[in-house]
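A.B. asks: Kindly return the folded structure for what I paste below:
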Amino acid sequence: MNYGEPTAEQEAGWAAWVASRPPVVRAVAERFFPWKLYRLKSSGHRVTIHSFDEPEGETPVTLKVIVSGEFNLVAFERTVFGIAPDDLEECDLPDPDEPVGSADIPPEALRDLVQRTRNTC
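C.D. replies: All right, here's what the predicted structure looks like:
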């Protein structure tokens, strides 16, 4: 599902960028678009594409994705790297009545809270 509609200029720019990538990156980039919404199968989060890793040698291509409160209910927004392309599938936008947003809890505060909770058991 598109979360925004690209202009003809954006589509042409994307196609040119993809065509300029090394073949191994191009093969992955042809499957993903910056205006589409994807579900991270391993966590269930809806994500948008941030960037493509351009590895050297035999290392597989991975993606960097954005987990935001725009499409999820999260403790904090983040960018996650090292995502395998096969862990992503195109998905729909959240339903209008689905809670979304970010509590904007600093990751350090969340780690402290989890640690304190562990120490009380």
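
A.B. asks: wait, is residue 17 part of a helix?
C.D. replies: Yes. The assignment for residue 17 is a helix, going by DSSP: H, G, I helix; E, B strand; the rest coil.

A.B. asks: roughly how far apart are it and residue 26?
C.D. replies: From residue 17 over to residue 26 the distance is 10 Å, taken as Cβ to Cβ, to the nearest Å. (Each C-beta comes from the backbone N, C-alpha and C, glycine too.)

A.B. asks: before we move on, what SS does the most centrally placed residue in the chain have?
C.D. replies: The residue lying closest to the centre of the chain (Cα atoms, centre = their mean) is residue 65, at 2.5 Å. Three-state call for residue 65 (three-state DSSP): strand.

A.B. asks: Bridged to it, which residues?
C.D. replies: Beta-bridge pairing of residue 65 under DSSP bridges involves residue 49, residue 80.

A.B. asks: show me what contacts it?
C.D. replies: 38, 40, 47, 48, 49, 50, 79, 80, 83, 88 (Cβ atoms under 8 Å, 6 or more residues apart in numbering).

A.B. asks: Now do the last one against residue 110, distance only.
C.D. replies: For residue 88, the distance to residue 110 equals 25 Å [Cβ to Cβ].

A.B. asks: Also the first one?
C.D. replies: Plainly put, residue 38 is 24 Å away from residue 110 if you go by Cβ to Cβ.

A.B. asks: can you check the third one too?
C.D. replies: Distance from residue 47 to residue 110, counting by Cβ to Cβ: 19 Å.

A.B. asks: Also the fifth one?
C.D. replies: Applying Cβ to Cβ, the value for residue 49 to residue 110 is 25 Å.

A.B. asks: try residue 31
C.D. replies: For residue 31 relative to residue 110 (Cβ to Cβ), the value is 33 Å.
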